[in-house]
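Engineer: no sequence for this one, just the structure:
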């Protein structure tokens, strides 16, 4: 997958994110839609798309990384929990 054209870097972030989403593979977009928009669990998403849960998790992670990279942002890292 190639990066977006250089001219896109000057566009607002929302437009860059939308363009990056459009460039995702079909399965990545479907996983993203079911998990983030329809609010299905990874298990429910796996069932709906007839995939393994690990495949759903991998596709979701890949999609989010690609969107972050193409939108010019570093992917968010999970925060370490503090001991209480």
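Structural biologist: Sure, I can see it. Note that the structure is a prediction, hence the values are computed from the model and not measured.

Engineer: hey, which helix is longest across the chain?
Structural biologist: Longest helix in the chain by number of residues (criterion: DSSP state H): helix 53-70.

Engineer: which residues of this protein fall in helices?
Structural biologist: 13-22, 26-32, 42-49, 53-70.

Engineer: would you turn those helices into CSV with mean neighbour count and mean pLDDT?
Structural biologist: For every residue, glycine as well, the C-beta is placed using N, CA and C. What follows is these, written out as CSV (neighbours: other Cβ atoms under 10 Å; pLDDT from 0 to 100):
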stretch, mean neighbour count, mean pLDDT
helix 13-22, 14, 87
helix 26-32, 17, 96
helix 42-49, 16, 97
helix 53-70, 17, 95
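
Engineer: coming back round to it: next, the angle helix 42-49 makes with the longest helix of the chain.
Structural biologist: Using axes from the mean of the first three to the mean of the last three Cα atoms, to 10 degrees, one finds that helix 53-70 and helix 42-49 are set 100 degrees apart in direction.

Engineer: quick one, helix 53-70 and helix 13-22 angle?
Structural biologist: Using the same axes, to 10 degrees, helix 53-70 lies at 140 degrees relative to helix 13-22.

Engineer: could we number from 817 for the rest of this?
Structural biologist: Got it, first residue is 817 now, which makes that one helix 869-886.
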